[in-house]
Structure formats: structure tokens, C-alpha cells
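Novice: Provided below are the primary sequence and the corresponding predicted coordinates.
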Amino acid sequence: MADQLNLAALAALKERFGQQSRKAQAYYTVMHAVRAIAGSDDAASAWMEQPLAALGGKTAAAAVGEGREDEVLAYVRSL
């Protein structure tokens, strides 16, 4: 029984890690696009934390966290 619990816990941990990894990759992809426009990591980070009307008043960081990275990237590319 303990082995079954350990396997279930390991599977849950792997899934959580995968989700966090996908979110981090999406955030990095958006940051890279923003940095190309903003000119620096600091400027890109500041932009990511500003509420944007185009994103329904949410920040780009929050939108990416919700899985809306394609929408954010489309907006960045339209700038």
C-alpha cells in the first residue's frame, strides 16, 4: 500500500512540475519578445507587471499564468 501511495505521490509531483515548467517556458517566451521591444530585462519586467486594457485590465504576467500566452504574444507583436 505504501508503494502505491508513493507512486501516486510521484505521479502527482511529476504532473505539477510539468505544469510549472510549461508556465515558466511561456513566461520566458513572452519576456523574450517584450525585451526585444523594451530594450532590457528591467523594462520588460516592468511592462509584464502593468495592467493592460488589451488584456482586460490584467497584467501580461497574470494572463500568461492563466495560459493566455498566445494572446499576449499577439498583442506584443502588434506593438
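Specialist: Nice, thanks for sending it over.
Novice: So which other helices or strands are in contact with the lengthiest helix in the chain?
Specialist: In the chain, assigned by DSSP state H, the helix with the most residues is helix 2-38. Helix 2-38 sits against helix 41-48, helix 60-65, helix 69-78, with contacts defined as 3 or more Cβ pairs under 8 Å, 6 or more residues apart in numbering; DSSP states H and E. Quick note: C-beta positions are derived from backbone N, CA and C, even for glycine.
Novice: Closest to the centroid, which residue in this structure?
Specialist: Y27 (3.3 Å; Cα atoms, centre = their mean).
Novice: buried stuff in stretch 61-79?
Specialist: Within stretch 61-79, the residues that qualify as buried are 61-64, 68-69, 71-73, 75-76, counting by 16 or more other Cβ atoms under 10 Å.
Novice: do stretch 29-41 as well
Specialist: So stretch 29-41, judged by 16+ other Cβ under 10 Å, has buried residues 30-31, 33-35, 38.
Novice: Would you mind measuring from A11 to G18?
Specialist: Here the criterion is Cβ to Cβ, to the nearest Å. By it, A11 lies 11 Å from G18.
Novice: what is the orientation angle of the lowest-mean-pLDDT helix or strand in the chain with helix 69-78?
Specialist: Across the helices and strands of the chain, mean confidence by mean pLDDT, DSSP states H and E is lowest for helix 2-38: a mean of 85. If you take axes from the mean of the first three to the mean of the last three Cα atoms, to 10 degrees, helix 2-38 sits at 10 degrees to helix 69-78.
Novice: what angle separates helix 2-38 from helix 41-48?
Specialist: 100 degrees.
Novice: buried sites along stretch 51-63?
Specialist: 52, 55, 58-63.
Novice: can you redo those residues as CSV with pLDDT and distance to K23?
Specialist: What follows is those, written out as CSV (pLDDT from 0 to 100; distance: Cβ to Cβ, whole Å):
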residue, pLDDT, distance to K23
L52, 97, 19
L55, 97, 16
K58, 98, 15
T59, 98, 14
A60, 97, 13
A61, 96, 10
A62, 97, 12
A63, 97, 12
